[in-house]
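Trainee: kindly return the folded structure for what I paste below:
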Amino acid sequence: QVQLVESGGGLVQSGGSLRLSCAASGSIFMINVMNWYRQALGKQRELVAGITRGGSTNYADSVKGRFTISRDNAKNTMYLKMNSLTPDDSAVYYCNARFLLGTDAWGQGTLVTVSS
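Mentor: From the prediction side, this is the model:
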């Protein structure tokens with residue numbers, strides 16, 4: 001099993017920055033890809049960014065050029081640096097780990113609120 005714990009959410013003004021962290025523990029060798037998802041109030045959960053074991057990344061069009069996903073394998077931690085935040089980025093952000101067998105683990109989520 002893998003446990004994921006997010007941190008770093010909070011309230012920020014439009015144009016500001018935040019860095020989210022996701023600490024993984026447990027059977028982390030089973031993880032193939034790690035992702036950040038977000039879910040705004042009344043909307044479906046959407047993929048924000050992902051990073052593979054090899055370090056390849058992908059981003060949703062809405063965050064390209066503003067968000068950067070990274071991982072520190074020594075610390076078993078994934079990050080999401082978010083710049084130029086807008087109110088549309090307000091959501092609960094979830095850390096996701098996708099295993100080699102195709103199953104998933106999720107963190108509890110961290111709330112990001114961007115004020116205008």
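
Trainee: show the pLDDT at Leu101.
Mentor: Here the pLDDT value assigned to Leu101 is 85.

Trainee: got the contact list for it?
Mentor: Counting by CB atoms under 8 Å, 6 or more residues apart in numbering, Leu101 touches Met30. Yep, even glycine has a C-beta here, placed from its N, CA and C like the rest.

Trainee: which SS state does it fall under?
Mentor: The assignment at Leu101 comes out as coil when based on DSSP: H, G, I helix; E, B strand; the rest coil.

Trainee: any idea how far Ser90 is from it?
Mentor: Note on Leu101: its distance to Ser90, by CB to CB, to the nearest Å, is 34 Å.

Trainee: tell me the pLDDT at the residue nearest the centre of the chain?
Mentor: Taking CA atoms, centre = their mean, the centroid of the chain lies closest to Trp36, which sits 2.7 Å from it. pLDDT for Trp36: 98.

Trainee: what's the answer for Asp89, then?
Mentor: At Asp89, the pLDDT value in this model is 98.

Trainee: SS state for the nearest residue to it once chain neighbours are set aside?
Mentor: Of all residues not flanking Asp89 in the chain, Val114 sits nearest, at 5.3 Å (CB to CB, 6 or more residues apart in numbering). Here Val114 takes the strand state, with states given by three-state DSSP.
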